[in-house]
Every structure is written in structure tokens, then in C-alpha cells.
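Chemist: Got a predicted structure here, sequence first:
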Amino acid sequence: MNGRSILFAIWCGFTFATPALGQDMANALDLLASARERGAVTAWRSAHAAFESATNQPAHQVEAHYYAGFCSFALAVTPGVEDPIRWMNEAVSHLFRAQDIDARHAEASALLALALALGNRLDPKRCTAGFFNPGALVNRARHEEPDNPRVALIAAMWLTLNQSTVSDSHEKIRGRLSRADRLFANEAERDAPKPWGSVEHRAWRTLVLRTLDDEPRTAGIPASWADQTVLPRLFRTTANATDSKPGPP
């Protein structure tokens, strides 16, 4: 099972829309909810196309680019998708555009970092990494919104995917996952459900901790383990467990 398959297994959750969003964005968010529930290439393509169309609305450009990037990212890691690097580069393009419009959009910064890192692994020659510094993007996102649970989740994913050996960072990975636990629980108590996050976090947490618990710290688990074992199961896991409430740790 490859890295794209695992990442596909986790990238799913719950969405909502209000009339204030405008009809195009409301429809796009509904399609995103459907894609996360079904985990199918055709569903992700439909959601992506809808958000791309919504980027023409000035009032919602930032979020439309962000979610178009999110859908592109999901497509890039979906098992069996044609030309995954094309979709990862599409994610980079939309997320960069969201950043260009709103430099303080922390979730776009964090997800852009993840897309750049995984795009470089998929195909270094075709990846549009350019002069970006993914690590700096993650740190900036954590600084901008330290209490954003989706930023905390992506930071935990980033750490897991970018260590020379996973066993070198057991406690740090557990610490970031525990922080995301707390932030998602706090968000569930005070805010309306967000379009994604809690289910993806539970899936990633379960898949990662299962391996950390099963492997001795001295085993020297290669960082590629997360690409090849965890990511391909991510969206498959979340597509079968989509809801809006974080579960117990």
C-alpha cells in the first residue's frame, strides 16, 4: 500500500453551509461533504470543480481556493487516481493563491507545506516546490493560529512524515497528537461543526499510535512508514466514519 492510499484514508469529515455563503459556495460545501462520505474520485472531482467555480466570487475567494486545494490534495492521495502529481501541483497552486490573498490564513499555510512535501516525494522533477520552505510554513501557521485544531493536526502529520526515523520522535509525535485532541474537543464544545478535521484527526491518531505502541522505540522505523502504511488508509478510514464530533482520546 503506497503513501497516497493512506493519506486518502484520513482526509474526510463533516460540512455545513449557510445562505450567507452564496449558492455556489453552499453547493460546493455540500459536494465536499459527499466526497468525504464516499471517498470516491468522481465525488472529489465534483467538489473540486465546484470550488474552482466559486473562486470567481470575490467575497469567498480565499475559502474557495483553500477548499479547491483541499480537494486537489485529497485527489492526489486517492489510490488509483490518474496522474497524482498533477493534482498535488493543483493543490499547491490553489493554496498558494489563498495565501497570496490572505497571508494569515494558517490552515492554507499548513496544508500548503504538506502538499509541497508530499509532491516532492511523488515526483521531485514535476513538483512545483520552487523556493518554498515547507517547515517555515508549518511554523508560521502554528504561530498565527496556535489554537486551531486543523493546524495542530497538520503539524502532527508533518512531524510524522518528516523525521529520519519515527522512533526518534515518539514522544514529540504523541505530544502533538494530544494537543490536537484537546483543541478539537474545545472546538466541539464552543463552535459549529467545521467542514473537516475531527474525523481525520481520529483516523490519523489511531493509525499512528497503533504503530508507535506496537514497535519498540529502538526499532528505527523509517519515516517512509507513514507514507507507505498510514496515508493510504486515511481517507478510507474517514469515509466510513464521517461525523462532526470528536471521539474520546
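Modeler: Good, I have the coordinates.
Chemist: which SSE is residue 100 in?
Modeler: Assigned by DSSP states H and E, residue 100 falls within helix 84-101.
Chemist: State the mean pLDDT of that helix.
Modeler: Averaged across helix 84-101, the pLDDT comes to 92.
Chemist: ditto for stretch 181-190
Modeler: 89.
Chemist: Just the CA atoms from that stretch would do, formatted as PDB, please.
Modeler: Output of stretch 181-190 as PDB, limited to C-alpha atoms (Å, rounded to 0.1, in the frame of the first residue of the first chain):
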ATOM      1  CA  ASP A 181      -7.100  16.100  20.800                       C
ATOM      2  CA  ARG A 182      -7.600  19.000  23.300                       C
ATOM      3  CA  LEU A 183      -8.100  21.600  20.600                       C
ATOM      4  CA  PHE A 184     -10.700  19.500  18.700                       C
ATOM      5  CA  ALA A 185     -12.500  18.800  22.000                       C
ATOM      6  CA  ASN A 186     -12.600  22.500  22.900                       C
ATOM      7  CA  GLU A 187     -13.800  23.400  19.400                       C
ATOM      8  CA  ALA A 188     -16.600  20.900  19.600                       C
ATOM      9  CA  GLU A 189     -17.900  22.500  22.800                       C
ATOM     10  CA  ARG A 190     -17.900  26.100  21.600                       C
END
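Chemist: circling back to that earlier point, using CSV, write down the CA coordinates of the helix holding residue 100.
Modeler: Presented in CSV, the C-alpha positions along helix 84-101 are these (Å, rounded to 0.1, in the frame of the first residue of the first chain):
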residue,chain,number,x,y,z
PRO,A,84,-1.4,12.2,-8.8
ILE,A,85,1.4,14.8,-9.1
ARG,A,86,-0.8,16.9,-11.3
TRP,A,87,-3.4,17.0,-8.5
MET,A,88,-0.8,17.8,-5.9
ASN,A,89,0.6,20.6,-8.0
GLU,A,90,-3.0,21.8,-8.4
ALA,A,91,-3.3,21.8,-4.6
VAL,A,92,-0.1,23.9,-4.3
SER,A,93,-1.5,26.4,-6.8
HIS,A,94,-4.8,26.9,-5.0
LEU,A,95,-3.3,27.0,-1.6
PHE,A,96,-0.6,29.5,-2.7
ARG,A,97,-3.4,31.6,-4.1
ALA,A,98,-5.3,31.5,-0.8
GLN,A,99,-2.1,32.6,0.9
ASP,A,100,-1.5,35.3,-1.7
ILE,A,101,-4.9,36.8,-0.9
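Chemist: Which neighbouring elements make contact with the lengthiest helix in the chain?
Modeler: Using DSSP state H, we find that the single longest helix of the chain is helix 170-190. Secondary-structure packing of helix 170-190 (3 or more CB pairs under 8 Å, 6 or more residues apart in numbering; DSSP states H and E): helix 149-161, helix 198-214. To be clear about C-beta, it is placed using only N, CA and C from the backbone, and glycine gets the same treatment.
Chemist: Compare those helices and give me the one nearest residue 48.
Modeler: helix 198-214 (17.5 Å; CB to CB).
Chemist: and that closest one, which residues are buried?
Modeler: The neighbour-count check on helix 198-214 (16 or more other CB atoms under 10 Å) flags 198-208, 212 as buried.
Chemist: With stretch 79-88 instead?
Modeler: By neighbour count on 16+ other CB under 10 Å, the buried set for stretch 79-88 is 79, 81, 84-88.
Chemist: how far does that stretch sit from the chain's center?
Modeler: Centroid separation for stretch 79-88 versus its chain: 16 Å, with CA atoms, centre = their mean, to the nearest Å.
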